[in-house]
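Peer 1: with the sequence up front, the predicted model follows.
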Amino acid sequence: MGRLVLVVDDERDVLDVLTDVLDSLGYSATGVTRGDEALKVLKKKKFDLIIADLIMPEMGGLDFIKKMRKIRKKTPVIITAGVDINESKIDLRKYGVSDFIQKPFRISDIGRKIENSIKNECIVHGKNN
């Protein structure tokens, strides 16, 4: 079984494609459509990485990260969005976000960014799993 990745995206089509891509790349992906669902899953299971959409109804990506950090302080997070993050003036680093993937995404970008985020987490926190 590959590394565990939690995907949070309110768009079911995007969620399905992303989890299928992750599975095909050798990861074990779990997908949920809402931030509150993701928080419940995180209380029960530890993931190697979280990929979350920036803009979601009810609980947006940044609100989700703030609440998630109370449960899983060190889990790397990649944010996805259909907007250019550079134009939004949001400093994702202050939320502990390790990377950003702009939608529509390329499969090659996803695999590379996931590996970099997990590798950096292992270096920073001394994990070797």
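Peer 2: Sure, I can see it.
Peer 1: quick check: buried residues in the longest helix seen in the chain?
Peer 2: As far as residue count goes, and with DSSP state H defining each element, the longest helix of the chain is helix 107-125. By neighbour count, and taking 16 or more other Cβ atoms under 10 Å as the criterion, the buried residues in helix 107-125 are 110, 111, 113, 114, 117, 118, 121. To be clear about C-beta, it is placed using only N, CA and C from the backbone, and glycine gets the same treatment.
Peer 1: show me where the chain has its helices.
Peer 2: Taking DSSP H as the criterion, the chain carries its helices at 12-24, 35-44, 61-68, 85-88, 107-125.
Peer 1: of all these, which lies closest to residue 55?
Peer 2: Between residue 55 and these, the tightest spacing by Cβ to Cβ is seen for helix 61-68, at 6.9 Å.
Peer 1: what does that closest one contact?
Peer 2: Helix 61-68 is contacted from outside by 8, 35, 38-39, 42, 50, 52-56, 59, 75, 77, 79, 81, 90, 95-97, using Cβ atoms under 8 Å, 6 or more residues apart in numbering.
Peer 1: distance between that helix and the chain's centre?
Peer 2: Computed by Cα atoms, centre = their mean, to the nearest Å, the chain-centroid distance of helix 61-68 equals 11 Å.
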